[in-house]
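Q: this one's structure only:
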């Protein structure tokens, strides 16, 4: 990768942009959130033999407490294959409803900073979403479930009995792992997410933060974006001094997106 060119071109206040995926790069109105929750509830009922009347409440409460319902189920001792869970929860989503987003694509490609996805979702889901939005070439890498939870490796934080064996946002450990995986300086990194609690942890981890899909300011958010397309209006300094060099930067920096390991 020609990242040395990008770094020289930016000379900038910010060197990397970390983007959440779901409900951040596309709007909540797409409906994936509700569809995913429905799939997870069906999985809990069908494969974990959880009482039907308890499933909706349990699904939501575990999500709120552990970051994802999957992490909560693992914390409670339920045993299931991670890939099978993701295939059921994400693999059945209507990806065909996603449409290319040329406006966002052009914005992302015009930013000279490194750009990395940071999601709790699995690799296949992240790749499907980026493909559907036609954004595959816009990101240097993906930090996802598999990179945060490598097989046969028990994370250090499992010393605490009340923690899940799954590492995910909004835990501070997940952010620290992502910062290490991306090899970034948090003081020169901006984190974009639609979740207030993820934004709060991102700020605690030392990142600059942007809440997406909201018009309500948050104490932990440095910027507020009603829509991801409003980046240039809200954070124009990402482009400061870059107009004359942008074509070269785009040509040199657009690379195939890989899963960071």
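A: Now that the structure is in, tell me what you want to look at. Keep in mind it's a predicted model, so treat the numbers as computed, not measured.
Q: Helix or strand next in line after the helix or strand containing residue 147, which one?
A: Using DSSP states H and E, residue 147 falls within helix 145-148. Toward the C-terminus, helix 145-148 is succeeded by helix 172-182 as the next helix or strand (DSSP H and E).
Q: Contacts for the helix or strand just after that next one, please.
A: Going down the chain from helix 172-182, the next helix or strand is strand 189-193, by DSSP H and E. Strand 189-193 is contacted from outside by 14-20, 24, 118, 169, 179, 182, 198-199, 202, 207-212, 222, 225, 228, 235, 238, using CB atoms under 8 Å, 6 or more residues apart in numbering. (C-beta placed from N, C-alpha, C; glycine too.)
Q: who does strand 189-193 pair up with?
A: Strand partners for strand 189-193, identified by DSSP bridges, are recorded as strand 16-19 (parallel), strand 208-212 (parallel).
Q: can you put those strands in CSV and add mean neighbour count and mean pLDDT?
A: Converted to CSV, the strands paired with strand 189-193 look like this (neighbours: other CB atoms under 10 Å; pLDDT from 0 to 100):
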stretch, mean neighbour count, mean pLDDT
strand 16-19, 23, 98
strand 208-212, 25, 98
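Q: closest one to residue 139 among those strands?
A: strand 16-19 (7.4 Å; CB to CB).
Q: which residues of the protein fall in strands?
A: 16-19, 114-118, 141-143, 189-193, 208-212, 223-225, 258-259 (DSSP state E).
Q: got those strands as CSV, with distance to residue 55 columns?
A: Compiled in CSV, these are given as follows (distance: least, CB to CB, whole Å):
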stretch, distance to residue 55
strand 16-19, 31
strand 114-118, 29
strand 141-143, 30
strand 189-193, 27
strand 208-212, 30
strand 223-225, 34
strand 258-259, 31
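Q: between those, which gets nearest to residue 62?
A: Nearest of the strands of the chain (CB to CB): strand 189-193, 19.8 Å.
Q: where's the closest residue to residue 108 other than its chain neighbours relative to residue 103, distance?
A: Distance criterion CB to CB, 6 or more residues apart in numbering; nearest residue to residue 108, sequence neighbours excluded, is residue 138 at 3.9 Å. Between residue 138 and residue 103 the computed distance is 12 Å (CB to CB, to the nearest Å).
Q: Give me the more crowded residue out of those two.
A: A count of neighbours by other CB atoms under 10 Å puts residue 138 above the other of residue 138 and residue 103, at 24 against 11.
Q: Please look at the more buried one and residue 109 and confirm they touch.
A: Yes: with contacts counted by CB atoms under 8 Å, residue 138 reaches residue 109, the gap being 5.9 Å.
Q: and stretch 235-250, average pLDDT?
A: Average pLDDT, stretch 235-250: 62.
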